[in-house]
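Q: only the shape, not the letters, is given here:
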């Protein structure tokens with residue numbers, strides 16, 4: 001709790017990202033890439049975020065993750 005509060009005031013803004021990386025095959029996939037298969041990393045702090053190639057945007061909040069998973073479920077059901 002205290003760490004999150006400190007991160008809000010003094011943490012990284014994640015304004016610079018690497019180029020999206022997609023790992024194929026049996027390579028170890030980072031947790032950020034497990035959702036979409038593609039991830040980007042913050043160039044300032046190194047934190048990894050899921051990346052959606054279709055929307056061309058970073059998925060960084062939990063609500064965006066839920067929306068992405070829900071949209072995948074509806075696409076697969078159709």
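A: Arrived safely. Nothing here was measured: the structure is a model prediction, and the numbers come from that model.
Q: helices along this structure, start to end?
A: Using DSSP state H, the helices assigned to the chain run over residues 2-10, 62-77.
Q: pLDDT on the first one, on average?
A: In other words, helix 2-10. For helix 2-10, the mean per-residue pLDDT is 74.
Q: please apply the same query to stretch 34-49.
A: On average, stretch 34-49 scores 88.
Q: then stretch 58-70?
A: 80.
Q: neighbouring contacts of it?
A: 14, 17, 35-36, 40, 49-52 (C-beta atoms under 8 Å, 6 or more residues apart in numbering). In short, each C-beta sits where N, CA and C put it, glycine included.
Q: what's the offset of that stretch from the middle of its chain?
A: 8 Å (C-alpha atoms, centre = their mean, to the nearest Å).
Q: with stretch 15-26 instead?
A: Taking the mean of its C-alpha atoms, stretch 15-26 sits 10 Å from the chain's own mean (C-alpha atoms, centre = their mean).
Q: spatially nearest residue to residue 57, not counting backbone neighbours?
A: residue 51 (7.5 Å; C-beta to C-beta, 6 or more residues apart in numbering).
Q: ok, that neighbour - how many residues close by?
A: When neighbours are counted by other C-beta atoms under 10 Å, residue 51 registers 26.
Q: wait, it sits on residue 35?
A: No. The pair residue 51 / residue 35 is not scored as a contact, 9.3 Å apart, by C-beta atoms under 8 Å.
Q: which residues sit in contact with the residue nearest to residue 57?
A: Neighbouring residues of residue 51 by C-beta under 8 Å, 6+ apart: 20, 36, 38-40, 57-59.
Q: of all the helices of the chain, which one comes closest to residue 31?
A: Smallest distance to residue 31 across those (C-beta to C-beta): 11.6 Å, for helix 62-77.
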